[in-house]
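Engineer: below are the sequence and a predicted model; questions follow.
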Amino acid sequence: MGSVAVPPCHVVAVPFPGRGHINSMLNLCRLLAARDGVSATVVVTEEWLGLLGGPVHAPGVRLETIPNVIPSEHGRAADWAGFLDAVYAEMELPFEHLLDHLGAAPAAILADTFVPWAVRVGNRRGVPVCVLSALGATMFSVQYHFDRLPTSAGGSADIADATDPCLIENYIPGLRSIRLTDLEPTHSDKMRLGKILEAYPYVRKAQCIIFTSFYELESNAIEFLRQELPCPVFAVGPCIPFMALQENHADSGEEQGYMAWLDAQPASSVLYVSLGSFLSVSSTQLDEIAIGLAQTKVRFLWVLRDEVARVQHLIRGSDGVVVPWCDQLKVLCHPSIGGFFTHCGMNSTLEALYAGVPMMTLPIAFDQPVNSRLIVDEWMVGYGLKEKARGDGVIARDKISEAVKRLMDCGDGEGTRRRASLLKEASRAAVEVGGSSDRDMASFISYISHFKD
Ligand SMILES: O=c1ccn([C@@H]2O[C@H](COP(=O)(O)OP(=O)(O)O[C@H]3O[C@H](CO)[C@@H](O)[C@H](O)[C@H]3O)[C@@H](O)[C@H]2O)c(=O)[nH]1
């Protein structure tokens, strides 16, 4: 990694309390602390300290906690709006108490988009607040410019003389392939949408925006945001734990089992399956996936924590292994992995791109349908399953089998593997010395280090 001559620079980071968001923030802080003179304190709830399994093993990054003032992570999906209400209302005060006890004011507060009160805290204390978007630049731009969407999509603009009124590009430049229908899973729930959009007036008062994505991946969206936003925009990704991968740690006890199994499989023969750490598919859909996977005869490694006994029963006799958790980036980068069946969370997407693994997509909600659209139509490194759904929204086992075979057999008449391999190179080049993310990271550190000059 490159380094810049800066005075010691300590940042306090506050992620949104959810796996995908905490991972993004921790990875950003690891990348920052790998630079000369930079250190980070990451603030999580006591519950999350336990879920993370203790301290972070990265020089210059430490965890601090606030009390469990929000509902437990276990079961938060059941009352998502209530959880967000609590995050918006209850974390600010204990965070301020913690800041009071941390000593000298930090050079900056790094705050997830969805802890909007952190902007208020920073502005009150004269500390710059840098908003980290764990969403891609594309989805961030949709939400930031939401008012530009037509009224039919919940925005306030009249439908223009658009050639294809379903394309979001007609309302928000830089978003070539995204369609209004890609927003439906989240935007049809008005309460959920309202809660999400509540964060954006605060984003407008932040001193800069950081993306976990990288310039080459979302250049159109990033360029447009750079023109439109009143503050600097840095793309420093992929913010994924690639440094831990390069450190080559010995496998933990749990890892040894599935890594040994992967070692024994032929190159590119295994489908990795992980459909998210928060929301999940219906039981009916889960059964169809299990039976569909089993009938392909393709080898698979499936991360699954709920309904495991039933799934194990449905896949008996197949070449599949089910585990409750794995080191996902390490697995994706294993030579035996040939495809990824994903819900398209942003971290998972960035990890698959870094590994150069083609994807089969089954987005559930939030930004996932937009990420799926990028994977399938814009980057063309995967195949979508959603449009194969029956009238009841379920994708049948045969459709799943067909799609798995197409993904794993792509030999590569369709160019999918070749494009995945090109994006793998682009992803790695971005974080190399002199790459786009390396340069943006240096600019970001310089920006916060000299903010008060
Ligand atoms: O066995 C596993 C399963 C997951 N992971 C990691 O868990 C993270 C999951 O993050 P992500 O892929 O972003 O999914 P979610 O946790 O579902 O993320 C939420 O947050 C993301 C960032 O805002 C959004 O893009 C998603 O839609 C939203 O559901 C990734 O880093 C994975 O590597 C593991 O390490 N091991």
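Structural biologist: All right, it came through fine. Numbers count the residues shown, from 1 in each chain.

Engineer: make it CA atoms for all contacts and neighbour counts henceforth
Structural biologist: Noted.

Engineer: neighbours of I289, just the number please.
Structural biologist: Residues near I289, counting by other CA atoms under 10 Å, number 24.

Engineer: likewise F444?
Structural biologist: 21.

Engineer: mind listing what's buried in the regular element (helix or strand) spanning it?
Structural biologist: Assigned by DSSP states H and E, F444 falls within helix 436-449. Along helix 436-449, these residues count as buried under the neighbour rule (16 or more other CA atoms under 10 Å): 436-446, 448-449.

Engineer: with stretch 402-410 instead?
Structural biologist: Neighbour-count burial for stretch 402-410 [16+ other CA under 10 Å]: 403-404, 407-408, 410.

Engineer: how far off centre is it?
Structural biologist: The chain centre lies 25 Å from the centre of stretch 402-410; the measure is CA atoms, centre = their mean, to the nearest Å.

Engineer: ok, and what's touching it?
Structural biologist: For stretch 402-410, contacts defined as CA atoms under 8 Å, 6 or more residues apart in numbering pick out 268-269, 271, 293, 296, 298, 338-339, 358-360, 382-383, 385, 416-417.

Engineer: relative to helix 436-449, how tilted is the lengthiest strand in the chain?
Structural biologist: Longest strand of the chain, by residue count under DSSP state E: strand 38-45. Put simply, strand 38-45 runs at 90 degrees to helix 436-449, going by axes from the mean of the first three to the mean of the last three CA atoms, to 10 degrees.

Engineer: quick one: strand 38-45 to chain centroid distance?
Structural biologist: Per CA atoms, centre = their mean, the centroid offset for strand 38-45 relative to its chain is 19 Å.

Engineer: try stretch 182-191
Structural biologist: Relative to the centre of its chain, stretch 182-191 is centred 19 Å away, using CA atoms, centre = their mean.

Engineer: picking that back up, C-terminal to the longest strand of the chain, what's the next element?
Structural biologist: Downstream of strand 38-45, the next assigned helix or strand under DSSP H and E is helix 46-51.

Engineer: so which of the contacts of stretch 402-410 belong to helices?
Structural biologist: The members of those that map onto helices under DSSP state H are 293, 296, 416-417.

Engineer: closest to R30 among those residues?
Structural biologist: Taking CA to CA as the measure, R417 is the one of those closest to R30, at 30.2 Å.

Engineer: what does the stretch 101-250 of the chain put close to the ligand?
Structural biologist: Residues of the stretch 101-250 of the chain lying near the ligand by CA under 6 Å from any ligand atom: 134-135.

Engineer: what about the stretch 101-250 of the chain, any weak spots by pLDDT?
Structural biologist: For the stretch 101-250 of the chain, applying pLDDT under 70 flags the ranges 156-163, 165, 248, 250.

Engineer: how about a cut-off of 80?
Structural biologist: 151-165, 185-189, 246-250 (pLDDT under 80).

Engineer: which one of the ones in helices among the contacts of stretch 402-410 is nearest to L26?
Structural biologist: Top of the list for closeness to L26, among the ones in helices among the contacts of stretch 402-410 and by CA to CA, is R417 at 30.0 Å.

Engineer: mind checking pLDDT for that closest one?
Structural biologist: In the predicted model, R417 carries a pLDDT score of 95.

Engineer: ok, now which ones touch the closest residue to it other than its chain neighbours?
Structural biologist: Nearest residue to R417 in three dimensions, chain neighbours excluded: P358, at 6.2 Å (CA to CA, 6 or more residues apart in numbering). Contact analysis of P358 by CA under 8 Å, 6+ apart lists 338-340, 352, 381-382, 407, 416-417, 420.

Engineer: which of the ones in helices among the contacts of stretch 402-410 lies closest to the ligand?
Structural biologist: Comparing the ones in helices among the contacts of stretch 402-410 against the ligand with CA to the nearest ligand atom places L293 closest, at 18.3 Å.

Engineer: picking that back up, and the furthest pair within the contacts of P358?
Structural biologist: Pairwise distances among the contacts of P358 were taken by CA to CA; the largest, 14.0 Å, belongs to A352 and L407.

Engineer: what do the two both touch?
Structural biologist: Counting by CA under 8 Å, 6+ apart, the residues touching both A352 and L407 are 358-359.

Engineer: strands of the stretch 351-453 of the chain, residue ranges please.
Structural biologist: 359-361, 382-384 (DSSP state E, counting those that start in this stretch).

Engineer: thought A206 was touching V119?
Structural biologist: Yes - here A206 reaches V119: they are 6.1 Å apart, a contact under CA atoms under 8 Å.

Engineer: and for these two, which residues touch both?
Structural biologist: Common neighbours of A206 and V119 (CA under 8 Å, 6+ apart) are V129.

Engineer: what is the burial count for I66?
Structural biologist: Residues lying near I66 (other CA under 10 Å) number 20.

Engineer: oops, could you answer that again for A104 instead?
Structural biologist: For A104, the neighbour count with other CA under 10 Å is 9.

Engineer: repeat for A58
Structural biologist: Count around A58 with other CA under 10 Å applied: 16.

Engineer: ok, now the one 4 residues further on?
Structural biologist: The local packing of R62 (other CA under 10 Å) involves 18 other residues.

Engineer: next up, the contacts around it.
Structural biologist: By CA under 8 Å, 6+ apart, R62 lies in contact with 40-42, 55-56.

Engineer: check P238 too.
Structural biologist: Shown in contact with P238 (CA under 8 Å, 6+ apart): 212-214, 350-351, 354, 427, 431.

Engineer: recalculate using a threshold of 10 Å.
Structural biologist: Applying CA atoms under 10 Å, 6 or more residues apart in numbering, we find P238 in contact with 24, 27-28, 211-215, 217, 347, 349-351, 353-354, 427-428, 430-431, 437.

Engineer: how about N220?
Structural biologist: Residues near N220 by CA under 10 Å, 6+ apart: 137-138, 173-176, 226.

Engineer: rebuild those residues as TSV, extending it with neighbour count.
Structural biologist: Formatted as TSV, these follow (neighbours: other CA atoms under 10 Å):
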residue	neighbour count
A137	29
T138	26
P173	15
G174	21
L175	26
R176	17
R226	15
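
Engineer: which two of those have the greatest separation?
Structural biologist: Across those, no pair lies farther apart than R176 and R226, at 16.7 Å, counting by CA to CA.

Engineer: extract the C-alpha set from the longest strand of the chain and format it as PDB.
Structural biologist: Taking C-alpha atoms only, strand 38-45 is exported to PDB below (Å, rounded to 0.1, in the frame of the first residue of the first chain):
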ATOM      1  CA  VAL A  38      -3.700   6.800  10.700                       C
ATOM      2  CA  SER A  39      -5.600   5.000  13.500                       C
ATOM      3  CA  ALA A  40      -9.300   4.200  14.000                       C
ATOM      4  CA  THR A  41     -11.700   3.600  16.900                       C
ATOM      5  CA  VAL A  42     -14.800   1.700  15.700                       C
ATOM      6  CA  VAL A  43     -17.900   2.100  17.900                       C
ATOM      7  CA  VAL A  44     -20.300  -0.800  18.200                       C
ATOM      8  CA  THR A  45     -22.900  -2.000  20.700                       C
END
